[in-house]
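Asks: Give me a 3D structure for the following:
(3 chains)
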Amino acid sequence: MASSKKCPWTREEDMRLVNYISKHGIWNWSQMPKHAGLSRTGKSCRLRWMNYLDPRVKRGNYSEEEDEIIISMRHDGAGWSSIAESLPGRSDNEIKNRWHSRLSKRLASDMVQIMKPYREQIVSDLKAMMNNDDSLIPEASQVEVACEDYPLPSHILNIGGLSSNIAPPTCADPHIRFWRDPYSLENIYDTDEYATYAYPVFGTPKLHDWFRESFYPYYQQL
DNA sequence: AAACGGTCCAACCGCAAAAGC
DNA sequence: CGCTTTTGCGGTTGGACCGTT
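Replies: Below is the predicted model of the structure:
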């Protein structure tokens, strides 16, 4: 059991845990598996209970309303657990999965359509921002190596006077996370379906905030 | 029918905060 | 206090499943 491989819970293990908790309640996760006759860690038991076995857990499809709550709270910076508090029956893990598997993609594709009319304005705003504030330009170390996954048209790399030898980060770069964020600039595709012309400023908090503020009102109007 | 690739969910891990001693 | 243990959170990933080639 203690291998690094994933080890799905069996029906028997589930029954042992459910029976134990219904008899004795939850008193100490780390001690419980021993008393319940389970070769699992307390953490594993807790996770299994919270995400699956607890009878309050709601299974099945998400409603539009639930999705909207997730999107809205996520925008406001809420953590998974606090979103879960607003959605009775949904666990933080489940909400996180929902976000990554569906909502972030849906939001991204919505955004492509929504932002298209504002493209010229965004580019000019970006240029103005970058000319006025050097801090928006990332450290060279953040953008060392080109990323084949995100080829960019050459003109993108020249925005705001940036040198054309500034290249996208590798996929291993932690800042790549920025690309997965549906509020990020990656979703403003140009006509070639390549990623954003604003690429060189990826990951800078100030720009990120600015973009969230700029985009979200348009999304709300849908 | 088999191979392949993408998607999604369950379960893992590391880390930090909270609680207990 | 300070150390240890427990709990909770968020990021990540293994693998089942499904559609496509």
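
Asks: three-state assignment of A:Lys43?
Replies: Following DSSP: H, G, I helix; E, B strand; the rest coil, we place A:Lys43 in the helix state.

Asks: wait, doesn't it sit right on A:Trp29?
Replies: Yes - contact criterion C-beta atoms under 8 Å: A:Lys43 and A:Trp29 qualify, at 7.0 Å. C-beta coordinates here come from the backbone N, C-alpha and C atoms, glycine included.

Asks: if I look at the two, which residues touch both of them?
Replies: Residues touching both A:Lys43 and A:Trp29 (C-beta atoms under 8 Å, 6 or more residues apart in numbering): none.

Asks: what about stretch A:74-93 and DNA strand C, touching?
Replies: Yes - Stretch A:74-93 lies within reach of DNA strand C by C-beta under 7 Å from any atom of the strand, at A:Gly79, A:Trp80, A:Ser81, A:Ser82, A:Asp92, A:Asn93.

Asks: Low-confidence stretches in chain A?
Replies: Along chain A, the parts satisfying pLDDT under 70 run over A:1-4, A:107-222.

Asks: How is it partitioned into domains?
Replies: By the record's domain assignment, chain A is partitioned as A:11-53, A:64-114, A:115-220 (automatic domain parsing).

Asks: and A:Ile69, what is it in contact with?
Replies: A:Ile83, A:Ser86, A:Leu87.

Asks: One more pass at 7 Å, please.
Replies: Taking C-beta atoms under 7 Å, 6 or more residues apart in numbering, we find A:Ile69 in contact with A:Ser86, A:Leu87.

Asks: quick one: what helix or strand has it in it?
Replies: helix A:64-75 (DSSP states H and E).

Asks: which residues sit against the next helix or strand after that helix?
Replies: With elements assigned by DSSP H and E, the helix or strand that comes after helix A:64-75 is helix A:80-86. Helix A:80-86 has contacts (C-beta under 7 Å, 6+ apart) with A:Ile69, A:Ile70, A:Met73, A:Arg74, A:Arg90, A:Ser91, A:Asp92, A:Ile95, A:Lys96.

Asks: interface residues of chain A facing DNA strand B?
Replies: A:4, A:6-9, A:40-41, A:43-44, A:47-48, A:51-52, A:93-94, A:96-98, A:101-102, A:105.
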